[in-house]
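*Asks:* sequence below, structure please.
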Amino acid sequence: MHTTLLERGEFHAGIILVQQGYSVGEQMRRLLKLIAAKPAENMQNQVEFLSSWGDS
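*Replies:* Model prediction:
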């Protein structure tokens, strides 16, 4: 979807990909971490993997 939109010259607000193995609580913790670190303006036309936003 991301590549198709950009090839057509279209834009998207950002895509977040999530693995199904995470609990809802873990998904929320990671999502909140992502939101705190990356404002909406910086998400435009970006793809983020929620797996990258866990505890380090």
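
*Asks:* what's residue 16 sitting at in phi/psi?
*Replies:* Here is the backbone geometry of residue 16 (degrees, to the nearest 10): phi -120, psi 120.

*Asks:* what sits against it?
*Replies:* Contact analysis of residue 16 by Cβ atoms under 8 Å, 6 or more residues apart in numbering lists 31, 34, 47, 48, 49, 50. Just so you know, the C-beta spots here come from the backbone N, C-alpha and C atoms, and that holds for glycine as well.

*Asks:* and if we set it to 7 Å?
*Replies:* Listed by Cβ atoms under 7 Å, 6 or more residues apart in numbering, the contact set of residue 16 reads 48, 50.

*Asks:* what's the spacing between the residue of the chain positioned farthest from its centre and residue 15?
*Replies:* Residue farthest from the centre of the chain, counting by Cα atoms, centre = their mean, is residue 8 at 21.2 Å. For residue 8, the distance to residue 15 equals 15 Å [Cβ to Cβ, to the nearest Å].

*Asks:* now swap in residue 29 and tell me
*Replies:* Taking Cβ to Cβ, one finds residue 29 at 20 Å from residue 15.

*Asks:* what are the ranges of the strands in the chain?
*Replies:* Remark: strands assigned in the chain by DSSP state E are 15-17, 47-49.

*Asks:* the residue lying closest to residue 19 once chain neighbours are set aside: neighbour count?
*Replies:* Distances taken as Cβ to Cβ, 6 or more residues apart in numbering place residue 51 nearest to residue 19, at 5.9 Å, with adjacent residues excluded. Residue 51 is flanked by 12 other residues according to other Cβ atoms under 10 Å.

*Asks:* and the helices in the chain?
*Replies:* With DSSP state H, the ranges of helices along the chain come out as 2-7, 24-37, 40-43.

*Asks:* nearest to residue 55, of these?
*Replies:* Among the helices of the chain, the nearest to residue 55 by Cβ to Cβ is helix 24-37 (8.6 Å).
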